[in-house]
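Peer 1: coordinates only, sequence not included:
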């Protein structure tokens, strides 16, 4: 080896006939041939090609004989050499032949050779067949082979376990094209348990004629830089992959999936049950826990099967007192466990760069724990999951399918990933809590049980927006009105969140209050519009430094009368209802929706339709028919297709509609109110025109008693006779003709007296000697409800009595 390090030179004696007569040791070192192999053979046998002109007599003395000559190595490779021939003479001056000196082409003085030999970068030269021509000591250390072992050997045949084809293919491409190239390869050197990243530059080596005679390369270990870049890539991926949804379990699964397989082989995420429920996490346990810490495994991802093992419901897990996970949660510090002991010479086998320096580790790490080998692990990083000072759980990053152990830089990466996920999980927890609060508020403001009057069969559905979207302000209601009529209401408040839910509750209460006044739909919306304008002004900031509130809504108010089968409606910017007749045809609604509530100054238009008994009504919010991939017209057409007018159960039909219309990832609330109309049997309605004469009062009582006998409601005769007497007397005394008495037998017994006066009566306390003022008080005491509704012809005073056992229609 010493001779080779000092640029071996071959000395060859050639007789006048061109036959080798002498061979030096340098020739063996340079070309592999021994004296026994060469002496007695023509010197031209050493050439790898045809002999150049004047070889060997004048070679090296002429100016054009300065290039390399390709010689044959004993192993079949080609050695480019500088050849110089000097004449050899005897004492008598007779020519004895030539002394030919041979040096490897490109050799520089010994100091230059030593500089390349001692270069810390791996240097090598290959012939076009990728045989080793020369390597330095650094390359030998990487390959764990000496120079004698590799020279003349093909790389692919000598190191099949190191060759991933990318390196040798690139070398071959450089030899073929003559174009230099760069390459980064990741491989595990022989005798190492850690994958190294090598940056290699390759270039062609040309002779004087420009022909590519070899390929040279140099490479250096850039593992520290490479793995740092990989960590940055993982962090970048985590930036877009963790926290995409406001869902606690979904975020935990994103944390478990992101580092696999680039960083870890197995990741588990354990959370407190309170965090999963959106509640405040518990206080951290004492620093010396004596009780088992109970958590739930929210996510677990493995590189072995590339699946989430905790895809179903979170599984309960526990961490015993004194365990690594328990200590991490109580101390708030991460722990690295290694199954391996320190490497040879007392140095840690943690890989390249500063991470291999024990001083680079934080205090207390790494911890040699051979017990993790029983779990099939080589190393594990356990990190407490903390956000905003609260402990949410614990995360474990494990390696089992690779020999590389975690480095100190890997610990930093694990803590960065966990910190990012902790904030996202805490945000999801807080959102879940606020969303649950808003949903609870909204559901408490919606009707808990829809009344099912004789006039209609009803069913409803309400679904909030999907996870990740705020709660909206959709609402609906079914309000019984006087005269067996029913109001169907559906609306939508602008915006989302608690504010929208609270505003929805205000509007629903206002609608019920206005409905009790029994206003026509268009007048009711006008009053509701005024209310929204006042509420909007209340939300305006007191100063320019406060945020501005926004408040607006849409509303559809409809009234169905089962006696006349008349359907009245008005819309404030809300989608009109769909009406399907019993024969399956759509009944058009010829009314123009008015402006949304809160605009002010614009009228609302009312429409009246006569409906057939058994008509299907569908009232809905825009969240049911509109989404990013479907416009309103297409949504209405799809809803019409799904509505089955012949469905026997409105509850089942409601489920069918919601399943068909709503996408999996919806961004808005959706409300649906279905109703099927009934017509009141004409035999259950009786009316009589009353002349404005007090003598008609006894006849009105007689008419009432006869009708109650016909309905077999004799038990209600006494109260009803008194009520009718008072209402008819008041209408004759204070009202204006025409006067009309109507009795309706529904779920209750309803008495109505109408007249042409618009003056509404009111209760008052009569003094001891007053002759009047007690009639309405008597009516209010004897019945379960009474009221006044105004009509275009005047007003109607009504009262209702509950029937204990109403007979079927």
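Peer 2: Nice, I can see it. Given the structure is predicted, the values throughout are model-derived calculations rather than measurements. Numbering: from 1, shown residues only.
Peer 1: every contact and neighbour count from this point should use C-alpha atoms.
Peer 2: Will do.
Peer 1: check which element follows the helix or strand of the chain with the lowest mean pLDDT along the chain.
Peer 2: Within the chain, confidence by mean pLDDT, DSSP states H and E is lowest for helix 2-5 among all helices and strands, at a mean of 42. For helix 2-5, the following helix or strand on the C-terminal side (DSSP states H and E) is strand 9-14.
Peer 1: other residues contacting that following strand?
Peer 2: The contact list for strand 9-14 (CA atoms under 8 Å, 6 or more residues apart in numbering) reads 20-30, 43, 97-104.
Peer 1: regarding residue 638, what is its secondary structure?
Peer 2: At residue 638 the chain is in helix, as set by DSSP: H, G, I helix; E, B strand; the rest coil.
Peer 1: quick one: contacts for it?
Peer 2: Residue 638 touches 625, 661, counting by CA under 8 Å, 6+ apart.
Peer 1: restricted to helices, list the contacts of strand 9-14.
Peer 2: By the criterion of DSSP state H, membership of the contacts of strand 9-14 in helices covers 25-30.
Peer 1: now pLDDT and neighbour count too, for the residues you listed, in JSON lines please.
Peer 2: Converted to JSON lines, the ones in helices among the contacts of strand 9-14 look like this (pLDDT from 0 to 100; neighbours: other CA atoms under 10 Å):
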{"residue": "25", "pLDDT": "88", "neighbour count": "17"}
{"residue": "26", "pLDDT": "86", "neighbour count": "22"}
{"residue": "27", "pLDDT": "88", "neighbour count": "21"}
{"residue": "28", "pLDDT": "89", "neighbour count": "20"}
{"residue": "29", "pLDDT": "86", "neighbour count": "18"}
{"residue": "30", "pLDDT": "87", "neighbour count": "21"}
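Peer 1: following element in sequence after the helix or strand containing residue 422, please.
Peer 2: Here residue 422, judged by DSSP H and E, is contained in helix 408-445. Note on helix 408-445: by DSSP H and E, the next helix or strand toward the C-terminus is strand 456-463.
Peer 1: pull up the pairing partners for that following strand, direction included.
Peer 2: Paired strands of strand 456-463, with direction, are strand 670-677 (antiparallel) (DSSP bridges).
Peer 1: show me what contacts the residue in the chain sticking out farthest from the centre?
Peer 2: Distance from the C-alpha centroid of the chain, by CA atoms, centre = their mean, peaks at residue 92 (98.4 Å). By CA under 8 Å, 6+ apart, the contact list for residue 92 is empty.
Peer 1: any idea how far residue 100 is from it?
Peer 2: 21 Å (CA to CA, to the nearest Å).
Peer 1: one more: residue 406?
Peer 2: From residue 406 to residue 100 the distance is 59 Å (CA to CA).
Peer 1: for residue 789, what is the enclosing helix or strand?
Peer 2: Counting by DSSP H and E, residue 789 is part of strand 785-791.
Peer 1: ok, that strand: who's next to it in the sheet?
Peer 2: strand 794-802 (antiparallel).
Peer 1: show the average pLDDT along the strand it pairs with.
Peer 2: Taken as a whole, strand 794-802 carries a mean pLDDT of 88.
Peer 1: picking up where we left off before, can you give me the buried ones in the strand holding residue 789?
Peer 2: Within strand 785-791, the residues scored as buried using 16 or more other CA atoms under 10 Å are 786-791.
Peer 1: so after the helix or strand residue 219 falls within, what's the next helix or strand?
Peer 2: If you go by DSSP H and E, residue 219 is part of strand 212-221. Toward the C-terminus, strand 212-221 is succeeded by helix 223-241 as the next helix or strand (DSSP H and E).
Peer 1: show me what that following helix is packed up against.
Peer 2: On a contact count with 3 or more CA pairs under 8 Å, 6 or more residues apart in numbering; DSSP states H and E, helix 223-241 meets strand 196-206, helix 408-445.
Peer 1: just the angle between that helix and helix 408-445, please?
Peer 2: Orientation of helix 223-241 against helix 408-445 (axes from the mean of the first three to the mean of the last three CA atoms, to 10 degrees) gives an angle of 0 degrees.
Peer 1: what's the following helix or strand after helix 223-241?
Peer 2: helix 248-257.
Peer 1: can you tell me how far residue 714 is from residue 321?
Peer 2: Residue 714 sits 79 Å away from residue 321, going by CA to CA.
Peer 1: before we move on, what about residue 365?
Peer 2: 20 Å.
Peer 1: confidence score at residue 776?
Peer 2: Note on residue 776: pLDDT of 76.
Peer 1: which segments of this structure make up each domain?
Peer 2: 2-104, 119-221, 226-435, 447-677, 682-802 (automatic domain parsing).
Peer 1: partners of residue 488 in the sheet?
Peer 2: residue 478, residue 558.
Peer 1: next one: residue 266
Peer 2: Beta-bridge pairing of residue 266 under DSSP bridges involves residue 302, residue 398.
Peer 1: same deal with residue 88?
Peer 2: Beta-bridge partners, per DSSP bridges, of residue 88: residue 97.
Peer 1: which ones are touching it?
Peer 2: Residues in contact with residue 88 (CA under 8 Å, 6+ apart) are 95-99.
Peer 1: give me the buried subset of these.
Peer 2: Buried members of those, counted by 16+ other CA under 10 Å: 97-99.
Peer 1: pick the one among those residues closest to residue 77.
Peer 2: Nearest to residue 77 among these, counting by CA to CA, is residue 99 at 24.3 Å.
Peer 1: burial of the nearest residue in space to that closest one that is not next to it in sequence, as a residue count?
Peer 2: Excluding the flanking residues, the one nearest residue 99 by CA to CA, 6 or more residues apart in numbering is residue 13, at 4.7 Å. Residues within reach of residue 13, counting by other CA atoms under 10 Å, total 24.
Peer 1: and the gap between residue 13 and residue 22?
Peer 2: To residue 22, residue 13 is 5 Å away according to CA to CA.
Peer 1: list the buried residues for the helix holding residue 422?
Peer 2: Neighbour counts over helix 408-445 (16+ other CA under 10 Å) mark 408-411, 413-415, 417-435, 438-439, 442-443, 445 as buried.
Peer 1: how about stretch 257-265?
Peer 2: 257-261, 263-265.
Peer 1: wait, which of those residues is closest to residue 198?
Peer 2: Nearest to residue 198 among the buried residues of stretch 257-265 is residue 263, at 19.2 Å by CA to CA.
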